[in-house]
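Novice: Output the structure for:
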Amino acid sequence: MDSMLTAPRPDRETSSYQRARRAAWGSFVGAVVDWFDFLLYGITAALVFNSEFFPQIDPAMGTLAAFATFGVGFLFRPLGGIVFGHFGDRLGRKRMLMMTVWIMGIATACIGILPSFATIGWWAPALLVTLRAIQGFAVGGEWGGAALLAVESAPSGKKAFYSSGIQMGYGVGLLLATGLVSLISSLTTDAQFMSWGWRLPFLFSVLLVLGALWVRNGMEESVEFERAKQAQPEEEKKRLPVFEALFRHPGAFLKIILLRLCELLTMYIVTAFALNYSTHNLGMSRELFLNIGLLVGGISCVTIPLFAWMADRFGRRRIYITGALVGALSAFPFFMALEARSIVGMVVFSLLLANIAHDMVVCVQQPMFTEMFGAGYRYSGAGVGYQVASVVGGGFTPFIAAALLNFSGGAWHSVALYLMAGCVLSALTAMFMKTSQPH
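Specialist: Have a look, this model is predicted:
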């Protein structure tokens, strides 16, 4: 009789695993949409936006302006994290995740039909910046909710693996964005691509949004969140969740910023800055780094869940530090291969930066960051911290790298040092970070 009372019910166990799988899939598909839209902008900014939306200024300054609009999206990500985090901690993760996909899809489709500078003058870049800000606002609320729903629903001891779909969504989004741009580029002339070809991937986003909404509609709210809301004292419910997170864990925000430097610098220098640098400064074909982006996106679909599984088994911090050190050691060789125009070297060190360094650090972020905060204000705390880090270390990385290149007279060494320093800071932060986790 006692064993019957203490043994877990099979139907309850099955239900929890079904909930975990649905949460993992819902987080994954939404991440695909949001990252497809967000990364597509970065790729197009490197190829098109300087001439389509900023043709009246010097080409070098036009490139800086195009990358600055790329960075604007990151400026609005913390605002999205605050707004969606607040209501996500109050009303639940699922509702906010449905809204982020809608908002992102509408903004992206509007970019696809936005007239160029030649048609409406300075209204074109003004509207482009506005739509990019809306994109940033939407993606600002995405990561926190998707990460929390996946982590909170995951079985114990498998939280990195079950939540790795969020970062796989980045890889699949990169694969789709780069693949579509590469395909359209190969099927059109330069004039056709610059005129209307670049717009087609933005319009394709509508189909992805509809698919993501269908999958996310079947998700359930996490049990951990529901329990936390029932147990939360009334005085805590009256406080803003973001202030509660800041009050209780002020150091966590700085840790998240430093821990994300390696991830952000490795990916955006390979996928955005190097694409522009290789085409405009070295005279290479744009297809080269578009194809490298395809390779990176495809491989990440294997490496991210693999490294996440290893992190659950051997320790999150160990995997993270290894990845950050690989990034630091690959920074200068990557630019040396670029300068030498060595295709083999560029491919090898791109993969080391984007599929080893980036994927090893990014696969553990969901449980590592969310467990820094209590469940009642976790969406706000982890989400806002994550998005503030995106501004500091991600949004203006291509812009800073391009500025360093201009200030140094075209020499790449300062950009390589920038990349290496970010990776070293991330490694040191993880190395000395206190954690309550056994890993």
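Novice: Tell me where the protein is predicted with low confidence.
Specialist: Applying pLDDT under 70 to the chain flags the ranges 1-15, 46, 54-67, 69-71, 92-93, 220-247, 249-250, 374-380, 393-395, 434-439.
Novice: Kindly list the longest helix within it.
Specialist: Of all segments of type helix in the chain, defined using DSSP state H, the longest is helix 10-44.
Novice: Which neighbouring elements make contact with that one?
Specialist: When contacts are defined as 3 or more Cβ pairs under 8 Å, 6 or more residues apart in numbering; DSSP states H and E, helix 10-44 packs onto helix 59-75, helix 93-112, helix 123-153, helix 159-163, helix 165-187, helix 200-216. Yep, even glycine has a C-beta here, placed from its N, CA and C like the rest.
Novice: Run a quick neighbour tally on the nearest residue to Val101 once chain neighbours are set aside.
Specialist: Nearest residue to Val101, sequence neighbours excluded (Cβ to Cβ, 6 or more residues apart in numbering): Ala212, at 4.9 Å. Burial of Ala212 is recorded as 27 neighbouring residues (other Cβ atoms under 10 Å).
Novice: Ala212 and Gly145, how far apart?
Specialist: From Ala212 across to Gly145, the span is 13 Å (Cβ to Cβ, to the nearest Å).
Novice: one step back: my guess is the residue nearest to Val101 meets Phe28, correct?
Specialist: No: using Cβ atoms under 8 Å, Ala212 is not in contact with Phe28, being 9.4 Å away.
Novice: Between its first and last residues, how far does stretch 340-359 reach?
Specialist: 26 Å (Cα to Cα, to the nearest Å).
Novice: just how off-centre is it within its chain?
Specialist: Its chain's C-alpha centre and that of stretch 340-359 lie 19 Å apart, by Cα atoms, centre = their mean, to the nearest Å.
Novice: how about it: buried residues?
Specialist: Across stretch 340-359, burial judged by 16 or more other Cβ atoms under 10 Å covers 345-347, 349-359.
Novice: What I need now is those written out in TSV, including secondary structure for each item.
Specialist: Formatted as TSV, those follow (DSSP: H, G, I helix; E, B strand; the rest coil):
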residue	secondary structure
Gly345	helix
Met346	helix
Val347	helix
Phe349	helix
Ser350	helix
Leu351	helix
Leu352	helix
Leu353	helix
Ala354	helix
Asn355	helix
Ile356	helix
Ala357	helix
His358	helix
Asp359	helix
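Novice: and which of these is nearest Gly422?
Specialist: Among the buried residues of stretch 340-359, Ala357 lies closest to Gly422 (Cβ to Cβ), at 10.6 Å.
Novice: For my notes, please list the helices and strands packed on helix 10-44 in CSV and give distance to Arg286 for each entry.
Specialist: Output for these, formatted as CSV (distance: least, Cβ to Cβ, whole Å):
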stretch, distance to Arg286
helix 59-75, 14
helix 93-112, 20
helix 123-153, 21
helix 159-163, 34
helix 165-187, 7
helix 200-216, 15
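Novice: Quick one, which of those gets closest to Ala308.
Specialist: Each of the helices and strands packed on helix 10-44 has some distance to Ala308 by Cβ to Cβ; the shortest is helix 159-163, at 4.3 Å.
Novice: Which one of the helices and strands packed on helix 10-44 lies nearest to Phe253?
Specialist: Nearest of the helices and strands packed on helix 10-44 to Phe253, taken as Cβ to Cβ: helix 123-153 at 13.0 Å.
Novice: What angle do helix 165-187 and the closest one make with each other?
Specialist: Angle of helix 123-153 versus helix 165-187, following axes from the mean of the first three to the mean of the last three Cα atoms, to 10 degrees, is 140 degrees.
Novice: rewinding a little: please identify which of the buried residues of stretch 340-359 is nearest to Leu425.
Specialist: Using Cβ to Cβ, the buried residues of stretch 340-359 come closest to Leu425 at Ala357, 13.4 Å.
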